[in-house]
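Colleague: no FASTA, just this:
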């Protein structure tokens, strides 16, 4: 049942990635060229809705429909978000696709996107290989730094 | 019904993307994220990898993510086939040329490496992470754009 729910939510997400055009190379180009506000408005309104719903979930200590408590696990703030972030951003501008849209483009029948996917798998293997050598030190700031993950094990533990 | 078949405006698409965050939490107790799927697939394809990042990783605990990604593929297919008045083009025609495919491959490597090093992508950091007010995710998003702008304005003559 849970699997089916997740599949349906994935379908929902995939439909929106196409209909919002965020999976379009053209939209990503115009975003980085500051030609159109579309992408920025989509991202900001998505965050606004996401943040407000999380505020409600926390405020009322909402539970899942299976009555499980919802525990939000923050990702560690480590060097990777800077160096990895820049590297991903470069790839995003070249391919016109972040990971969700890579799958959306393939599903939509844009077959060159399969090359993007194969590249992404290769990049993932590259990271798996170099991980022990790369800096993953965490930035500590009061409460947030107390997420107490050992950098090595926390990296990749989330999404 | 006709407006459904056109690309959706940001004020519809953005909030619908944001709604994925509470829907996934309330219905399945999962945090939105896509890019970890590369790691799961790597761990499945090469369970005896010499990289502990893959061989010492229990992908089964995160298998929901692959179901979600499968849904994205299906959703994108449905959106292009049945929810679009005109054929959907997400990549420029040049993407299918040899040089276009090389670019997608290089960009894909950067996307795969960068998102794994940053431990998240536009979904996991920009939408989910910032909605959680996670400081690392805000920094990650800034650097996604730094990387994208570097490519667009400094490397634009290549890509």
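Modeller: Arrived safely, thanks for sending. All values derive from a computational prediction rather than experimental measurement.

Colleague: please identify the helix or strand for the residue lying farthest from the centre of chain A.
Modeller: Distance to the chain centre peaks in chain A at residue A:67, reaching 26.6 Å (criterion: C-alpha atoms, centre = their mean). Counting by DSSP states H and E, there is no helix or strand that carries residue A:67.

Colleague: the residue positioned nearest the centre of chain B: what's it in contact with?
Modeller: With distances taken as C-alpha atoms, centre = their mean, residue B:34 lies nearest the centre of chain B, 5.2 Å away. Counting by C-beta atoms under 8 Å, 6 or more residues apart in numbering or on different chains, residue B:34 touches A:98, A:99, A:100, A:103, A:159, B:65, B:68, B:69, B:72, B:121, B:123, B:124. To be clear about C-beta, it is placed using only N, CA and C from the backbone, and glycine gets the same treatment.

Colleague: just give me the least confident of the residues you listed.
Modeller: Among the contacts of residue B:34, residue A:159 carries the weakest pLDDT, at 46.

Colleague: where in the chain is pLDDT low?
Modeller: Chain wasn't specified; assuming chain A. A:141-159 (pLDDT under 70).

Colleague: actually chain B
Modeller: B:157, B:159.

Colleague: and the lengthiest helix in chain A, what's buried?
Modeller: Longest helix in chain A by number of residues (criterion: DSSP state H): helix A:38-59. When burial is assessed from 16 or more other C-beta atoms under 10 Å in any protein chain shown, helix A:38-59 yields the following buried residues: A:38-39, A:42-43, A:45-47, A:49-51, A:53-54, A:57.

Colleague: closest one of these to residue B:25?
Modeller: Distance to residue B:25 across those (C-beta to C-beta) is lowest for residue A:57, with 6.4 Å.

Colleague: do any residues in the stretch of helix or strand residue A:115 belongs to lie close to chain B?
Modeller: Assessed by DSSP H and E, residue A:115 sits inside helix A:113-130. Yes. Counting by C-beta under 8 Å from any C-beta of the partner chain, chain B is contacted by helix A:113-130 at A:113, A:115-129.

Colleague: dump the residue contacts of the nearest residue to residue B:31 once chain neighbours are set aside.
Modeller: Taking C-beta to C-beta, 6 or more residues apart in numbering or on different chains, and ignoring the residues beside it in sequence, residue B:31 has residue B:128 as its nearest neighbour in space, at 5.5 Å. With contact set as C-beta under 8 Å, 6+ apart, residue B:128 has these partners: A:50, A:159, B:21, B:31, B:32, B:33, B:120, B:137.
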